[in-house]
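> fold the following and give me the result.
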Amino acid sequence: MVGRVKRKAGLAAAAERAAAAPPLSCALCERPLGVKVEWHHPVPKSEGGRETAPVHPICHRTIHATLTNAELARDYSDFAVLRAHPDVARFLRWIAGKPADFHAPTRVGR
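Numbering: from 1, shown residues only. Reported below is the predicted structural model:
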């Protein structure tokens, strides 16, 4: 019985911390995240990457429509450098004023 009480108290404390934490922002566009969140590997898993970062689905699709996994691993694993890519920068200017859960078809641009 004591174990159950501790576990419930631990869950309540975790929920409290999550509620008090500032909302996450997209690693690419830096807008607040909406209901749907995807996790992007800055260095793709196929290239040995392990770390992930939260991104909007539309931002994630734009990254992979613009660059190959090899290019991401070699030159664009840093989000600051990725934001400077001309096609990504144009996308970021366009998406800046859109709501967090905005969705539109993503053009394949490779």
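> list the contacts for the spatially most central residue of the chain?
Centroid-nearest residue in the chain, with C-alpha atoms, centre = their mean: Val55, separated by 1.7 Å. By C-beta atoms under 8 Å, 6 or more residues apart in numbering, the contact set of Val55 is Cys26, Ala27, Leu28, Cys29, Val37, Glu38, Trp39, His40, Ile63. Any C-beta I mention is one placed from the backbone N, CA and C, and that applies to glycine too.
> buried ones only from those residues, please, as a PyMOL command.
A single PyMOL command selects the buried members of the contacts of Val55 (16 or more other C-beta atoms under 10 Å):
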select buried, resi 26+27+28+29+38+40+63
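> make a markdown table from the contacts of Val55 and add secondary structure to it.
Below are the contacts of Val55 laid out as a markdown table (DSSP: H, G, I helix; E, B strand; the rest coil):
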| residue | secondary structure |
| --- | --- |
| Cys26 | coil |
| Ala27 | coil |
| Leu28 | coil |
| Cys29 | coil |
| Val37 | coil |
| Glu38 | strand |
| Trp39 | strand |
| His40 | strand |
| Ile63 | helix |
